[in-house]
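Colleague: Give me a model of this one.
(one chain, ligands or ions: 1)
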Amino acid sequence: MVVELYKQHVAEKMQRFQEILQATGFGELVIGSGETKMQFQDDMPYSFKANPYFREWAPLATRAGCYLQIIAGASKPRLFLLTAEDIWHTAPESLPPGFEQSFEIIEYETVDEVKKCLGANAAFINETNTLEAVAEHWNPQAVIHQIDYQRRGKTPYEQESVREANRRAAPAHRAAQQAFMAGASEVQIAAAYLAGCDSRESEMPYGIIAGVNEHAAVLHHHNLFKQPQTPRSFLIDAGVEVYGYASDITRTYAYDSGSDFAAMIELMDVKQLELCAEGGIGKSPVDIHVLSQHKIAEVLIEFGVLNMSAEEAVANDIAGSFYPHGLGHHLGCNVHDKGGQLANAQGDILPPPAKYPKLRSGAPMVANQIHTVEPGLYFIPAYLDKLKAGEYAGSINWSRVDEFVPYGGIRIEDNIIVHADGSLENLTRDAFAGMQQ
Ligand SMILES: [Mn+2]
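Modeller: Numbers count the residues shown, from 1 in each chain. Below you'll find the predicted structure:
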């Protein structure tokens, strides 16, 4: 079944990339997976991950030195695989069974063999110019914009990969929650997560964010603590990668289910689901972000943190001090998938509004996009200090703030497909629900 989906995927990409070659005037496009990088003055390599332009075509995320060649008018892409003898390392990752049918595969030992197969008018995408393409043909921006733009609409294979990445992450999130409830340290919780999805740390689509108590207010808390804390709250933001495609999921838990913080999580969950339902073809992610600022303000008012209307809290950007990031982003073979700000295939940008410069997606939604929806509410000491010194300090109930600071904050993040028929599919909620059966 997945082999069929993959065949369709490569055929669809082949058609889209033929159009890119026509639009940009290149005769062929070659995409390298990348090279293994050594640490400075050492014989230890950094862990390798193929770049997203390559992963979009072939699920060989750990295989360095591959090249994909798409020639104008050809029916199949060529895939060059480095097969030099190497007794030191485990054999490199192979394509899943059946996937090789989508390529003309050429095994090579030296890069000169690849160079001999290149046409004169080839564009080349790779971190380093290993094929010695002329400068203006190496990572030409016009081609990169075209690729990023077509990437907004995910093929059924890409959708299934992100769906499966959600299915595999759900039990890992459950294992992490249980480790937190058992009083584990952040490092031990991350280990429980990895065991729960049977993955190496190097396979994670992004570093596991696992914040206990106040650490839940650090948006990207990666330096996980080794000493266990007396558990109050826990925020975990972690995904799984399947065929090079990511899931990106956040959950927040309260240790004491009777606490105000637990009730605040419940209300955030209601608001998050309301925001998930706002997506749709032609909808503006900027509008939904502004709506999400209002909803966070409502939560703060409901829990007695703010003594002002939601409208005032948004207009004066008080809500933004508790929720200082965007509602979401595109998701695919980049965790923050590219194309979210592109107005067209030529690379014109739709910049975020001045008030919300961190928004990663401004372009109206199109069919088959995958978006994250991740509203947050945090008690961040640096921002609280600024509010206390600012003109709206009198509209904030500081004793209430002090009660919530030890819990850090809340973020709830799901992955949503905007389907061509207008329906929305919540991959994350479905994955958690499917696990409980
Ligand atoms: Mn995210």
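
Colleague: What would stretch 63-74 look like as PDB? C-alpha coordinates only.
Modeller: This file holds the C-alpha atoms of stretch 63-74, laid out as PDB (Å, rounded to 0.1, in the frame of the first residue of the first chain):
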ATOM      1  CA  ARG A  63      22.600   8.400   3.900                       C
ATOM      2  CA  ALA A  64      25.200  10.900   2.900                       C
ATOM      3  CA  GLY A  65      26.600  11.300  -0.600                       C
ATOM      4  CA  CYS A  66      23.400  10.500  -2.600                       C
ATOM      5  CA  TYR A  67      22.400  12.400  -5.600                       C
ATOM      6  CA  LEU A  68      19.000  12.600  -7.300                       C
ATOM      7  CA  GLN A  69      18.900  13.700 -10.900                       C
ATOM      8  CA  ILE A  70      15.700  15.000 -12.600                       C
ATOM      9  CA  ILE A  71      16.200  15.500 -16.300                       C
ATOM     10  CA  ALA A  72      13.700  17.500 -18.400                       C
ATOM     11  CA  GLY A  73      11.400  15.100 -20.300                       C
ATOM     12  CA  ALA A  74      12.600  12.000 -18.400                       C
END
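
Colleague: quick one: the helices in the protein?
Modeller: 2-24, 52-55, 111-116, 141-150, 156-181, 186-196, 260-276, 285-302, 310-315, 319-322, 381-389, 398-404, 427-435 (DSSP state H).

Colleague: Turn those helices into JSON lines, columns for mean neighbour count.
Modeller: C-beta here means a position set from N, CA and C on the backbone, and glycine is covered the same way. Shown next, in JSON lines, are the helices of the chain (neighbours: other Cβ atoms under 10 Å):
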{"stretch": "helix 2-24", "mean neighbour count": "17"}
{"stretch": "helix 52-55", "mean neighbour count": "23"}
{"stretch": "helix 111-116", "mean neighbour count": "14"}
{"stretch": "helix 141-150", "mean neighbour count": "19"}
{"stretch": "helix 156-181", "mean neighbour count": "22"}
{"stretch": "helix 186-196", "mean neighbour count": "21"}
{"stretch": "helix 260-276", "mean neighbour count": "18"}
{"stretch": "helix 285-302", "mean neighbour count": "20"}
{"stretch": "helix 310-315", "mean neighbour count": "18"}
{"stretch": "helix 319-322", "mean neighbour count": "23"}
{"stretch": "helix 381-389", "mean neighbour count": "12"}
{"stretch": "helix 398-404", "mean neighbour count": "15"}
{"stretch": "helix 427-435", "mean neighbour count": "18"}
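
Colleague: Of those, which is nearest the ion?
Modeller: Among those, the nearest to the ion by Cβ to the ion is helix 427-435 (11.0 Å).

Colleague: near the ion, which residues of the stretch 251-400 of the chain show up?
Modeller: residue 372 (Cβ under 5 Å from the ion).

Colleague: Quick check: closest non-adjacent residue to whichever residue of the stretch 251-400 of the chain sits closest to the ion.
Modeller: Distances between the stretch 251-400 of the chain and the ion by Cβ to the ion are smallest at residue 372, namely 4.3 Å. Leaving aside its sequence neighbours, residue 372 sits nearest to residue 328 (Cβ to Cβ, 6 or more residues apart in numbering; 4.1 Å).

Colleague: What count of nearby residues applies to residue 234?
Modeller: 27 (other Cβ atoms under 10 Å).

Colleague: Next: residue 61.
Modeller: As a burial measure, residue 61 scores 22 neighbours (other Cβ under 10 Å).

Colleague: correct me, but it touches residue 242?
Modeller: No - with contact defined as Cβ atoms under 8 Å, residue 61 does not count as touching residue 242 (10.1 Å).

Colleague: can I see the domain layout of this protein?
Modeller: 2-150, 156-435 (automatic domain parsing).

Colleague: can you redo those domains as TSV with mean pLDDT?
Modeller: Shown next, in TSV, are these (pLDDT from 0 to 100):
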stretch	mean pLDDT
domain 2-150	95
domain 156-435	96
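
Colleague: Tell me the residue of the stretch 101-250 of the chain that sits nearest the ion?
Modeller: For the stretch 101-250 of the chain, Cβ to the ion, closest residue to the ion: residue 248, 4.1 Å.

Colleague: distance of that residue from residue 335?
Modeller: According to Cβ to Cβ, to the nearest Å, residue 248 stands 5 Å off from residue 335.

Colleague: which neighbours do these two share?
Modeller: When contacts are counted by Cβ atoms under 8 Å, 6 or more residues apart in numbering, residue 248 and residue 335 are jointly contacted by 205-206, 239.

Colleague: ranking those residues by neighbours, who comes first?
Modeller: residue 239 (29 neighbours).

Colleague: Excluding chain neighbours, give the residue nearest to that one in space.
Modeller: residue 247 (4.1 Å).

Colleague: For burial, what's the neighbour tally of the one you found?
Modeller: 33.

Colleague: Over to residue 30?
Modeller: By other Cβ under 10 Å, 26 other residues sit near residue 30.

Colleague: what sits against residue 202?
Modeller: Counting by Cβ under 8 Å, 6+ apart, residue 202 makes contact with 47, 49, 62.

Colleague: residues in contact with the closest residue to the last one other than its chain neighbours?
Modeller: Nearest residue to residue 62, sequence neighbours excluded (Cβ to Cβ, 6+ apart): residue 93, at 4.9 Å. Contact criterion Cβ under 8 Å, 6+ apart gives 60-63 as the residues in contact with residue 93.

Colleague: okay, those residues in CSV with distance to residue 106 next?
Modeller: As requested, the contacts of residue 93 are exported to CSV (distance: Cβ to Cβ, whole Å):
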residue, distance to residue 106
60, 14
61, 20
62, 20
63, 14
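
Colleague: May I ask you to confirm that residue 174 is in contact with residue 251?
Modeller: No - using Cβ under 8 Å as the test, residue 174 is too far from residue 251 to be in contact (9.4 Å).
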